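>>> have a look; sequence and predicted model below, questions after that.
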Amino acid sequence: MSKANPSPTTGDTTDNCTDYTTKLLPQHVYLGRDREGYVHHLDRDANAVHRVEDAGERERVTPLGDAHLDDYLAFVADEIGWTDRKQAATWDFFGRDR
C-alpha cells in the first residue's frame, strides 16, 4: 500500500490511513517462548520487548530503539534458542543471509 498503489481490497493509501487504523493492531504481541522458559512480548507503544517468567515476574525489558524486531528475534535464536516462536521474521521468507 502506498500513494501510488492503493490496497486492492480497500482502496486505502498511506494518505488516508489514520490513527484509528493503527489502533486496530494490538499493543502487546506475543513473540514466543525461549529455551530458558521465558515468554517474550513486544510492547508496540514503548517499542520494547518484555521477557517474563511463568510466574508473571518481568525478568528484563529490552528497548528496541532503532533496531528492527528481526534483530531481536535473531539474537534470541542465536544466543538462547526458541522453543515456540509466533512472530514471523523476514528470514522466514527470504533466508537469514540477507
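Sure, I can see it. Numbering: from 1, shown residues only.

>>> wait, doesn't residue 73 sit right on residue 87?
Yes. Using Cβ atoms under 8 Å, residue 73 makes contact with residue 87 at a distance of 6.5 Å. In short, each C-beta sits where N, CA and C put it, glycine included.

>>> need the overlap of contacts for these two.
Taking Cβ atoms under 8 Å, 6 or more residues apart in numbering as the contact rule, residue 73 and residue 87 both touch residue 31.

>>> these two: which is more packed in?
Taking neighbours as other Cβ atoms under 10 Å, residue 73 and residue 87 compare with residue 73 leading, 23 against 16.

>>> buried residues, the helix or strand hosting that one. List them.
Element membership of residue 73 [criterion: DSSP states H and E] is helix 69-79. Of the residues in helix 69-79, 69-70, 72-73, 76-77 count as buried by neighbour count, 16 or more other Cβ atoms under 10 Å.

>>> tell me where this protein has strands.
Assigned by DSSP state E, the strands in the chain fall at 28-34, 39-43, 48-52, 58-63, 82-85.

>>> deepest in the core, which of those strands is it.
strand 39-43 (a mean of 19; mean count of other Cβ atoms under 10 Å).

>>> beta partners of residue 39?
residue 33, residue 52 (DSSP bridges).

>>> in the sheet, who's paired with residue 60?
residue 51.

>>> could you do residue 85 as well?
residue 32.

>>> and it, what pLDDT?
Note on residue 85: pLDDT of 86.

>>> tell me how far it lies from residue 32.
Noted for residue 85: a distance of 4 Å to residue 32, by Cβ to Cβ, to the nearest Å.
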